[in-house]
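Visitor: Sequence and predicted structure below; questions after.
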Amino acid sequence: MAISSLQGELKIYNSLTKKKELFKPINQGYVGMYVCGPTVYSNVHLGNVRTFTSFDLIYRYLRHLGYKVRYVRNITDAGHLENDADEGEDRIAKKARLDKIEPMEVVQMYTVDFHDILNKFNLLPPSIEPTATGHIIEQIEIIKTILDKGLAYEVNGSVYFDVLKYNETNHYGKLSGRKIEDLIHNTRTLDGQTDKKNPQDFALWKKAEPQHIMRWPSPWSDGFPGWHLECTAMSTKYLGKHFDIHGGGMDLKFPHHECEIAQSEASCEQTPVNYWMHANMLTLNGQKMAKSTGNYILPNEMFSGENDVLSKAFAPSVVRFFMLQAHYRSILDFSSTALEASEKGFYKLMDAINLIEKLTVSNTTEGLDITNWRTKCYNAMNDDFNSPILIAELFNAVKFINQVKDGKSMVSQEGLSLLRKTIHEFTFDILGLRNLSSSSNDSGDKLSDVVDVLINLRAEARANKDFALSDQIRDQLAAIGIQLKDGKDGTTFSTN
Ligand code: AMP
Ligand code: ZN
């Protein structure tokens, strides 16, 4: 529902200005948001999920405020080389080579996995999910423009962005705070393996080696675009030269986002983004979760408990709740103990929400100023999407709900409606949690107990030669997807 008066109160921390700023969209009522998506060459790990969950929270809240949001999140399916200095093999081509399959099979497999995992965590799909390979023409056009402006150069079929030239009139490093002098001194000198004039220059187009399978024709060579370029091409195409929000993980600030700014300013002669937002990292043992170091957990391991660092399995909503208990700009360290604490809190919240339906109403409300509490929930989210403060507010409501149940506080019908509406909106629509009660936590065990009762009743019916009843039990269970199987050791069941 639109709460338009609150739209004007949202503050966003802008990584570009390093300040919290009042959010003013370019077009009133509309928001254009671009978030860098995954490179689909392996399964997403829990760290990746954290970043996308942070932006899901942001997307959900903007929508809740009544904004019409166009949320673009790309799929990187070409151009992302093994390291940031435009060296090494394309990550997707390498995986295809190792697994002896087509690059597009790699892309398909991990895109499906990515969607499946985000779905389990209840992330909303973006409005547009474009791919790098679907926008080669647009990328070539941008390179032509940058070449025309004299801010890129071609060498041996590859095209590089001229960082020093650009920096004469613009500011390379404005987002990351890196100084061009330091970059010049600290970027390692490339040992003649490169055609770059200066090591800090970055590739816009790379000529493909003969064995490189992912290649496209261009005015310069058969090759492929540099990684940073795809995001400039797709954000410009779908959100325009100038849009509201650009996000990604903190580790993308440099060089990826710095290069995006340079490319946009060089080709469109304008600052592309009003608010740069960066989500902080999920760590494990104090180190960033990353595929390359082996220091990571896969989401499916969370759901099955099959990882040595886990004491047990955790439901996706519990993991999501754990992530949202930290602010998106804070580092969050993963531990099974912390997850267990979150699980307790999560079910406490769910049980209180489910208890609302059973509360007895009074003539008046005592114990919580519900209107004021609702405002505090909005204040938390309006303060740069502060989900931990919001969750603390939700627990104030949990306390109140339990007090009403115990007869220590009172709630009127009107108060109860506002309480229910607010807690539902914030918990389910905005935090994106799914309603699981603590009793559904062990629903698997409960189901098997219930079916065991029916199996025993059926065995009794058969012993009494009441075959009509025994068949009825079997058939009715089958109708709801529970198959009984009679074996020599008794009856077992399976579900579909
Ligand atoms: P990639 O597929 O490597 O480009 O990563 C996809 C997204 O996940 C990017 O926005 C990264 O910044 C983010 N990311 C990678 N590692 C982590 C981590 N340990 N914690 C949070 N976000 C991460
Ligand atoms: Zn990007």
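Guide: Perfect, I can see it now. Numbers count the residues shown, from 1 in each chain. Ligands and ions are numbered 1, 2, ... in the order given.
Visitor: interface residues of the protein facing ligand 1?
Guide: 36, 38-39, 47-48, 50-51, 248-249, 251-252, 281-282, 288-290 (Cβ under 6 Å from any ligand atom). Quick note: C-beta positions are derived from backbone N, CA and C, even for glycine.
Visitor: Could you list which of the residues you listed belong to strands?
Guide: Among the residues of the chain next to ligand 1, the members found in strands (DSSP state E) are Gly248, Gly249, Leu282, Lys288.
Visitor: contacting residues around the closest residue to the first one other than its chain neighbours?
Guide: The shortest distance from Gly248 to any non-neighbouring residue, by Cβ to Cβ, 6 or more residues apart in numbering, is to Cys36 (3.9 Å). With contacts defined as Cβ atoms under 8 Å, 6 or more residues apart in numbering, the neighbours of Cys36 are Arg73, Asn74, Thr76, Cys231, Gly247, Gly248, Gly249, Leu252, His256.
Visitor: and with 10 Å instead?
Guide: Residues counted as contacts of Cys36 (Cβ atoms under 10 Å, 6 or more residues apart in numbering) are 51, 55, 73-74, 76, 227-228, 230-231, 234-235, 246-249, 252, 256-257, 260.
Visitor: Can you pull up the most central residue in this structure?
Guide: Phe52 (1.2 Å; Cα atoms, centre = their mean).
Visitor: show me the contacts for that residue.
Guide: 35, 37-38, 44, 59, 73, 114, 117-118, 121, 123, 126, 247-249, 279.
Visitor: can you list the weak-confidence ranges in this structure?
Guide: 1-4, 185-193, 439-446, 488-489, 495-496 (pLDDT under 70).
Visitor: can I see the domain layout of it?
Guide: 20-279, 283-430, 441-495 (automatic domain parsing).
Visitor: For the residue in the chain that ligand 1 sits nearest to, which non-adjacent residue is closest in space?
Guide: Per Cβ to the nearest ligand atom, Gly249 is where the chain lies closest to ligand 1, at 1.8 Å. What sits nearest to Gly249 in space, not counting adjacent residues and going by Cβ to Cβ, 6+ apart, is Thr51, at 4.3 Å.
Visitor: ditto for Thr111
Guide: Using Cβ to Cβ, 6+ apart, the closest residue to Thr111 is Val40 (4.9 Å).
Visitor: Show me what secondary structure element comes after the helix or strand that Asp113 is a member of.
Guide: According to DSSP states H and E, Asp113 maps onto helix 103-120. Using DSSP H and E, the next helix or strand after helix 103-120 towards the C-terminus is helix 136-148.
Visitor: Could you confirm whether stretch 45-54 reaches ligand 2?
Guide: No. Stretch 45-54 stays clear of ligand 2 (Cβ under 5 Å from the ion), getting no nearer than 11.8 Å.
Visitor: From here on, call the first residue 722.
Guide: Shifting the count to begin at 722 puts that one at stretch 766-775.
Visitor: just to revisit the earlier point, now that we have the contacts of Cys757, which of them are buried?
Guide: 772, 776, 794-795, 797, 948-949, 951-952, 955-956, 967-970, 973, 977-978, 981 (16 or more other Cβ atoms under 10 Å).
Visitor: quick one: which of those sit in helices?
Guide: Thr772, Phe776, Trp948, His949, Glu951, Cys952, Met955, Ser956, Glu981 (DSSP state H).
Visitor: Tyr881 looks like it's in a strand, true?
Guide: Yes. Counting by DSSP: H, G, I helix; E, B strand; the rest coil, Tyr881 is part of a strand.
Visitor: ok, what's across the strand from it?
Guide: Note on Tyr881: beta-bridge partners by DSSP bridges are Tyr874, Ala924.
Visitor: In contact with it, which residues?
Guide: 807, 873-875, 915-919, 922-927, 947.
Visitor: now do Trp941
Guide: 861, 864-865, 868, 875-880, 925-928.
Visitor: Let's see that with 7 Å instead.
Guide: Glu875, Gly878, Val880, Trp926 (Cβ atoms under 7 Å, 6 or more residues apart in numbering).
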